[in-house]
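In: got a predicted structure here, sequence first:
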There are 2 protein chains.
Amino acid sequence: MALLFRSSVDSAARWRGELTRLTAELDIRLWPDIGDPAEIEYALVWRPEPGLLASLPNLKLILSLGAGVDHILCDPHLPGGVPIVRLVDPYLNDAMGEYVALQVLRLHRQDLDYLAQQRSGIWRELPQKNACDRPVGILGFGEIGQNAGRKLAALGFPVAGWGRRRRTVSGFQTYAGPEGLCQLLRRSEILVCLLPLTPDTEGILCARNFAALPPGASLVNVGRGGHLVEEDLIPALDRGQLSAAALDVFREEPLPPGHPFWRHPRILVTPHIAGITNPKTAAPIILDSIRRFEAGRPLLNEVDPAQGY
Amino acid sequence: MALLFRSSVDSAARWRGELTRLTAELDIRLWPDIGDPAEIEYALVWRPEPGLLASLPNLKLILSLGAGVDHILCDPHLPGGVPIVRLVDPYLNDAMGEYVALQVLRLHRQDLDYLAQQRSGIWRELPQKNACDRPVGILGFGEIGQNAGRKLAALGFPVAGWGRRRRTVSGFQTYAGPEGLCQLLRRSEILVCLLPLTPDTEGILCARNFAALPPGASLVNVGRGGHLVEEDLIPALDRGQLSAAALDVFREEPLPPGHPFWRHPRILVTPHIAGITNPKTAAPIILDSIRRFEAGRPLLNEVDPAQGY
């Protein structure tokens, strides 16, 4: 069984090490040294070059190195009929939840202001309320969204979640659909985006939706760069409609040098590190998908390309 | 019943407003307009001038505006035999817990490095583990310490607590005494100080104890400035023995202009804002203490001056 590994951000050496430690059955081919393309049955990928997957005539299963699969579905030559599995790794979910908790707490506690005060040597207390008086809304309330929601609730924040479909999640107010989105936005002083990127969710973080938030709300984007209409953000911040934004994902990654987000005083930029896939915890999950496929058992977390996740 | 209010950091107007809203019985005197000192029976204070309390011949009860009372006990003229009550306010405890959670998450997620990278326009992922692999130790495991501990545990951190006396706290490893301190330090990659300042705890954050922490550990001080041996911190950071420190309290407050902590790249300075006393939630608690005293019922949270808290 040959598996192609292709990622520009994950360590090929660590992945080969972990997979090899777990099984001797896999013949791991690190792009670009893929050998005979006809031998490759599995592809473990992050942002594969368009056409790469189509060049593998006997490809049986595509495995995403991340929770999202937009980086695969955007390939115009994506071979139809080959199942795609997204990575659902509790360790990765926890990492994302930690990042969200950090950024929400930071925005709640006026950290950008205190950092600026320190740089200027200013000792000044700012008025502050507690988390119980700061409602947070989470766009995308699947496993990652709920993980973040539980962490935020434990910190005292009133948390609500929104998704395409209505979900009942014990302990949380939930909303769904376009009308539910308005309701969620209206109550969210901090808005967190954890959505998958699909045609329906692209550009959801836009001027119109910013205007529906309470004045001075702030934003955490941990979904995809495509969720944010970039040109709408800085005007909303400069008008004070939004008070700050913490962004981990961008339309173009790495965020290009000279991009105005780098230097805006109300924008926090992190280099897509909210949830870094950990080969140690993810490799057994990848291997389980392959074994299920080989045994003809149902795949877990198989993607519906029509839904986009 | 006359009550003297004296604080350089709390709003006299807001306190008068809240107390007046709750009762018509209190004659509130805002320092320095205290009227006849002999009429004052209660003193609600933060860092009263040495000798101020002794100048009130009929003082019956001293009420602290904060959880700590070192700012009262340090008065060399403190009248003996007048009971002192410290403020225990769940809202204040939550605020402190939020601050601790923010700073611990920040240190755990290498936030100072990512902030520096943003300032330099650098897009670089740093190796990162999850909270479950980052043990946190809390010095001072009373109500505030346990509140912080619960929030940190919900975020995934393994949390242990230390105090003068052994406590059994469900769900947490606890340590006590000098030997227990060594054990706690040895396991704590992030050390949080929430202790009361007493002769026993002064200077506990010192070179010798830093050396007992795992290499590259970091520090959050939300206790008092007197807990930290200031001259030990920068050498420990510059050697890499400690990797960062978040400090909310200082030997001299406001932190003097030109103090090296303001500009050190591995030190985060906030202006004693971890837990700001909220008149709305604290005023009823203060009033309850006065009513208990008037009725001859036992006081809650009365200070033992010999213990220092």
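Out: Looks like it arrived, so ask away. Computed from a predicted structure; not experimentally measured.
In: contacts and neighbour counts: CA atoms only from here.
Out: Noted.
In: return the residues of the stretch 101-250 of chain A in contact with chain B.
Out: By the rule C-alpha under 8 Å from any C-alpha of the partner chain, the part of the stretch 101-250 of chain A lying against chain B is A:102, A:105-106, A:109, A:114-115, A:118-119, A:121, A:123-125, A:128, A:130-131, A:151, A:154-155.
In: just the buried residues out of these, in PyMOL syntax.
Out: Filtering those down to the buried ones (16 or more other C-alpha atoms under 10 Å in any protein chain shown) takes a single PyMOL command:
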select buried, chain A and resi 102+105+106+109+114+115+118+121+123+130+131+151+154+155
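In: flag every buried residue along the longest helix along chain A.
Out: Assignment by DSSP state H gives helix A:90-108 as the longest helix of chain A. Within helix A:90-108, the residues that count as buried by 16+ other C-alpha under 10 Å are A:91-108.
In: sorry, back to before: looking at the residues of the stretch 101-250 of chain A next to chain B, which are in strands?
Out: Using DSSP state E, no member of those sits in strands.
In: just the helices in chain A please.
Out: Taking DSSP H as the criterion, chain A contains helices spanning A:12-22, A:70-73, A:90-108, A:111-119, A:143-154, A:177-187, A:207-212, A:230-238, A:279-295.
In: tell me the most buried of these?
Out: Neighbour counts (mean count of other C-alpha atoms under 10 Å in any protein chain shown) averaged over each of the helices of chain A peak at helix A:90-108, with a mean of 23.
In: give me the residues contacting it.
Out: By C-alpha atoms under 8 Å, 6 or more residues apart in numbering or on different chains, the residues outside helix A:90-108 that reach it are A:112, A:131, A:134, A:143-145, A:147-149, A:151-152, A:190, A:192, A:218, A:220, A:222, A:244, A:246, A:274-278, A:281, B:98, B:102, B:105-106, B:109, B:130-131, B:155.
In: report the central residue of chain A.
Out: Closest residue to the average C-alpha location of chain A: residue A:223 at 3.7 Å, with C-alpha atoms, centre = their mean.
In: residue contacts, it?
Out: When contacts are counted by C-alpha under 8 Å, 6+ apart, residue A:223 touches A:193, A:194, A:195, A:196, A:197, A:249.
In: would CSV of these with neighbour count and pLDDT be doable?
Out: Below are the contacts of residue A:223 laid out as CSV (neighbours: other C-alpha atoms under 10 Å in any protein chain shown; pLDDT from 0 to 100):
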residue, neighbour count, pLDDT
A:193, 24, 98
A:194, 25, 98
A:195, 26, 97
A:196, 24, 95
A:197, 22, 96
A:249, 24, 98
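In: narrow those to those in strands?
Out: residue A:193.
In: bridge partners for the residue nearest to residue A:141 when sequence neighbours are not counted, pull those for me.
Out: The shortest distance from residue A:141 to any non-neighbouring residue, by C-alpha to C-alpha, 6 or more residues apart in numbering or on different chains, is to residue A:161 (5.4 Å). Assessed by DSSP bridges, residue A:161 has beta-bridge partners residue A:138, residue A:174.
In: need the contact list for residue A:161.
Out: A:137-141, A:145-146, A:149, A:172-175, A:184.
In: let's have the residues you listed in CSV, adding pLDDT.
Out: Output for the contacts of residue A:161, formatted as CSV (pLDDT from 0 to 100):
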residue, pLDDT
A:137, 98
A:138, 98
A:139, 98
A:140, 97
A:141, 97
A:145, 98
A:146, 98
A:149, 98
A:172, 98
A:173, 97
A:174, 98
A:175, 98
A:184, 98
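In: much appreciated, bye for now.
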